[in-house]
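Engineer: have a look at this fold, sequence not included:
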């Protein structure tokens, strides 16, 4: 099997674009990623597209209607918040296996406002309002409170995650919001589901991101190795059965299993990672994932945020993009947007927010239902 490299990658500035169609939003990022490596859609051998919200599907084909219909294979995927990461992984796997030499992965979403989750299409006795809530703020509030009960994690420590990520976003021109939110402001914001206030919840936005993935032979042939980023590991897991899942999701296990497999595949450990883009759908989630990804020991996440170890300039910067809390969370695009952020640092092109000396980075997303995608990237 060949090694696979990200040779082109980009994302649009996240925001709200009611005047645009989903394919048009996706096409914009696709063209940007192609421009990043000086190629055209005619050079691509396949397209892998991630989108969650378009019931009619076939978004990949509709993107090609915008940028050029060349008759290539198109694969459309949907996998909750891991949708973009799944599209990227499928594209990577096709190159890794030698099926194609160069492919395009696109993630795109157009989001509404309001809460995600809830009763959905469930049958039988509804959990919503009887056994608690399946809305995402409630699920991750409960997970945070479990951590607080077990380790003494405080409301203030959870809130500091939001302060950090909003500060990082002020250096990211592609983030939806670029606003400082002092600790008092975060803690005094509208309470959504304790301990997550409104400023501790991810932002529903529209957005797209795309990546061009090539085999080593093709990257060398095209003279693209200078800015190439090697994919050292690509792993996706689902949850094992647990009795608790009948009532309340476990937001930790599939991440821990994916992390262990990714480190093994890459031949690396947590101490080798220079920066991380993880799934901070809520401030409580980021605290949990410090431990789930092995960035610190169990019960140490509160100390890690207190001591600034995960801030820009710290031991292991996390969500220097501003994360989902500030950059925004367009479900189908998030996984590839994380690839863009880490790749930009590994290339040394992140400007004011650059993690100095970054050589290896990790991206992580989790979709309850369940799917966890982790990628480890290395500067070529």
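Structural biologist: Everything's here; your move. All values reported here derive from a predicted model rather than from experimental measurement. Numbering: from 1, shown residues only.

Engineer: check the secondary structure at the residue nearest in space to the middle of the chain for me.
Structural biologist: In the chain, the C-alpha nearest the mean C-alpha coordinate belongs to residue 335, at 3.6 Å (C-alpha atoms, centre = their mean). Under DSSP: H, G, I helix; E, B strand; the rest coil, residue 335 falls in the helix class.

Engineer: before we move on, what about the one 5 residues further on?
Structural biologist: Going by three-state DSSP, the secondary structure assigned to residue 340 is helix.

Engineer: any idea how many residues pack against residue 1?
Structural biologist: Using other C-beta atoms under 10 Å, residue 1 has 9 other residues around it. Glycine gets a C-beta too; all of them are placed from N, C-alpha and C.

Engineer: okay, it and residue 346: tell me how far apart.
Structural biologist: Separation of residue 1 from residue 346 (C-beta to C-beta, to the nearest Å) stands at 22 Å.

Engineer: how about the residue nearest to the centre of the chain, what does it touch?
Structural biologist: Shown in contact with residue 335 (C-beta atoms under 8 Å, 6 or more residues apart in numbering): 50, 82-88, 107, 363, 365, 373.

Engineer: what comes into contact with the helix or strand hosting residue 235?
Structural biologist: Per DSSP states H and E, residue 235 falls inside strand 229-237. Strand 229-237 is contacted by residues 3-6, 9, 82, 85-86, 88-89, 92-93, 96, 213, 254, 257-258, 261-263, 265-268, 342-343, 346-347, 360, 371-380 when judged by C-beta under 8 Å, 6+ apart.

Engineer: pLDDT below threshold where in this structure?
Structural biologist: Within the chain, the segments meeting pLDDT under 70 span 55, 113-132, 245-247.

Engineer: need the helices for it, in chain order.
Structural biologist: Listed in chain order, the helices of the chain (DSSP state H) span 22-36, 59-67, 83-96, 136-151, 155-169, 183-187, 216-221, 253-266, 283-292, 301-306, 323-326, 334-346.

Engineer: highest mean neighbour count out of the ones you listed?
Structural biologist: Mean neighbour count (mean count of other C-beta atoms under 10 Å) peaks for helix 323-326 among those, with a mean of 31.

Engineer: so what does that helix touch, helix or strand wise?
Structural biologist: With contacts taken as 3 or more C-beta pairs under 8 Å, 6 or more residues apart in numbering; DSSP states H and E, helix 323-326 sits against helix 155-169.

Engineer: now the helix it packs on: how far from the chain's centre is it?
Structural biologist: 18 Å (C-alpha atoms, centre = their mean, to the nearest Å).

Engineer: what's the angle from it to helix 283-292?
Structural biologist: Angle, helix 155-169 to helix 283-292, by axes from the mean of the first three to the mean of the last three C-alpha atoms, to 10 degrees: 90 degrees.

Engineer: now for helix 155-169, which elements pack on it?
Structural biologist: If you count contacts as 3+ C-beta pairs under 8 Å, 6+ apart, helix 155-169 packs onto helix 183-187, strand 196-197, helix 283-292, helix 301-306, helix 323-326.

Engineer: fine, thanks again, bye for now.
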